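Just to be clear, the model below is a prediction. Sequence and coordinates:
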Amino acid sequence: MTSIRHFPATHPLPDWRNFGVMLRVLLGVNLLAGLAALLQSPDLAGWAAHYVELAAVVEPLLLIGLALLSLLRELLWRLPLRLGQLCVLALAGGLTAIFFGYAAALALADMGSLMRHVVLAIAAAGMLLAYFELRSRAISPVLTEARLAALNARIRPHFLFNSLNAVLSLIRARPQQAEEALESLSDLFRAAMRDPGEMVSIADEIALSRQYLALETLRLGERLAVDWKIGAISMDLPIPPLILQPLLENAVYHGIEPSAEGGTVSVIIDRKGDELHIAITNPTVGQAQHAAGNQIALTNIRDRLALYYDLEARLEIETGDNRYEVRITLPCQRRKPSPLR
């Protein structure tokens, strides 16, 4: 079982292939370069020109360094934390020394300033590593799982009351189906009460969603139709729990139930490259889905995706032509779990 404890956001040595990590490194280094240019410029008028000169040196080193760190990611993760951080500092200093040595050989730089630039590069790398370590402590496993539990708790009351209403409608008219529905409801709550910090397989999430839709079909009958389109994906692919079910609940309660004719909820799950794409579409009656309950669920899922994936996951909404679509994009490749350090 993959756990949030092993994700880049909660580990002091970052995932250099993560888009959020790369963005923070780029912004951090350029901010330091801007401050250095400001300190070295005699006046504000010459700051921009001096910053451009620094950027011409810093940017190639930074991009090469990020590329090498991405290639060495697995090796660095297997090292003890402090040794891994030391390797990152050595890489920053070594690249700077090679770059300025080459420039000096071409008479483009002064070798006398080599040590100063190496020290500055190591200092900048050290500040970034300290930032990522402090960030990982701020998003500690205990705090993260507590936040996830609180976020998941927002879903469960809706999950409970809506499902119980579906079962209650069957007790007198179809007691056998009501009993089966209660068994399904028991399975659903068992899944909903699992550790919110643990990932689940896409197969389990689809099974949970099918059970929920089966309960709603008992209540709504032929008014509810579901069109599943699942591409060639690995059913073992890990995703955060309770991603599909809340979106399907919104589709049913805000799209199908208000309509006397009902409608079809479309669920498309497919993989494109290293990304998993999920799209859930439902018809709308009158205005688009702006109800408070719908927005709470969407905010809930967006917040949980940020905790799990940082900036690599996306949740997008598209409305129009009496349709409402929610699209989620998740990265398929996650790092392998490793022991806590």
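Received it, and whenever you're ready, just let me know what you need.

how about the strands in the stretch 151-300 of the chain?
For the stretch 151-300 of the chain, the strands defined by DSSP state E, counting those that start in this stretch cover 200-201, 224-230, 238-239, 263-272, 275-283.

Kindly reformat the ones you listed as CSV containing distance to residue 184.
Just so you know, the C-beta spots here come from the backbone N, C-alpha and C atoms, and that holds for glycine as well. Conversion of these to CSV gives the following (distance: least, CB to CB, whole Å):
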stretch, distance to residue 184
strand 200-201, 18
strand 224-230, 15
strand 238-239, 21
strand 263-272, 18
strand 275-283, 21
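
deepest of those strands, which one?
strand 238-239 (a mean of 22; mean count of other CB atoms under 10 Å).

name the helices or strands packed onto that strand?
When contacts are defined as 3 or more CB pairs under 8 Å, 6 or more residues apart in numbering; DSSP states H and E, strand 238-239 sits against strand 200-201, helix 202-220.

Any buried residues in the last one, and which?
By neighbour count, with 16 or more other CB atoms under 10 Å as the criterion, the buried positions of helix 202-220 are 202, 204-213, 215-220.

quick one, domains of this protein?
4-138, 141-331 (automatic domain parsing).

okay, and for this structure, where does confidence drop off?
1-11, 103-112, 139-159, 162, 191-192, 194-197, 286-294, 333-341 (pLDDT under 70).

Show me the helices in it, by range?
In the chain, helices defined by DSSP state H lie at 19-40, 47-71, 73-78, 81-105, 114-138, 141-168, 175-192, 202-220, 244-251, 292-309, listed in chain order.

Quick check: which of those helices is nearest to residue 261?
helix 202-220 (11.4 Å; CB to CB).

Now for residue 131: which residues touch it?
24, 28 (CB atoms under 8 Å, 6 or more residues apart in numbering).

gap between it and residue 137?
11 Å (CB to CB, to the nearest Å).

same deal with residue 227?
Going from residue 227 to residue 137 by CB to CB gives 46 Å.

And for residue 271?
34 Å.

again with residue 225
Taking CB to CB, one finds residue 225 at 49 Å from residue 137.

and what of residue 181?
46 Å.

repeat for residue 60
32 Å.

Does residue 122 touch residue 89 like I think?
Yes - between residue 122 and residue 89 there is a contact under CB atoms under 8 Å: 5.2 Å.

Now do residue 332 against residue 270, distance only.
From residue 332 to residue 270 the distance is 11 Å (CB to CB).

rewinding a little: next, format the helices of the chain as a markdown table and append distance to residue 316.
Formatted as a markdown table, those follow (distance: least, CB to CB, whole Å):
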| stretch | distance to residue 316 |
| --- | --- |
| helix 19-40 | 16 |
| helix 47-71 | 27 |
| helix 73-78 | 28 |
| helix 81-105 | 35 |
| helix 114-138 | 26 |
| helix 141-168 | 20 |
| helix 175-192 | 25 |
| helix 202-220 | 19 |
| helix 244-251 | 12 |
| helix 292-309 | 10 |
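
of all those, which lies closest to residue 278?
helix 244-251 (7.1 Å).

how distant is that closest one from the center of its chain?
Counting by CA atoms, centre = their mean, to the nearest Å, helix 244-251 is centred 19 Å from the centre of its parent chain.

could you say what helices and strands it packs with?
For helix 244-251, the packing partners by 3+ CB pairs under 8 Å, 6+ apart come out as helix 141-168, helix 202-220, strand 263-272, strand 275-283, helix 292-309, strand 323-331.

Now render the ones you listed as TSV, adding distance to residue 102.
Shown next, in TSV, are the helices and strands packed on helix 244-251 (distance: least, CB to CB, whole Å):
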stretch	distance to residue 102
helix 141-168	44
helix 202-220	49
strand 263-272	41
strand 275-283	38
helix 292-309	38
strand 323-331	36
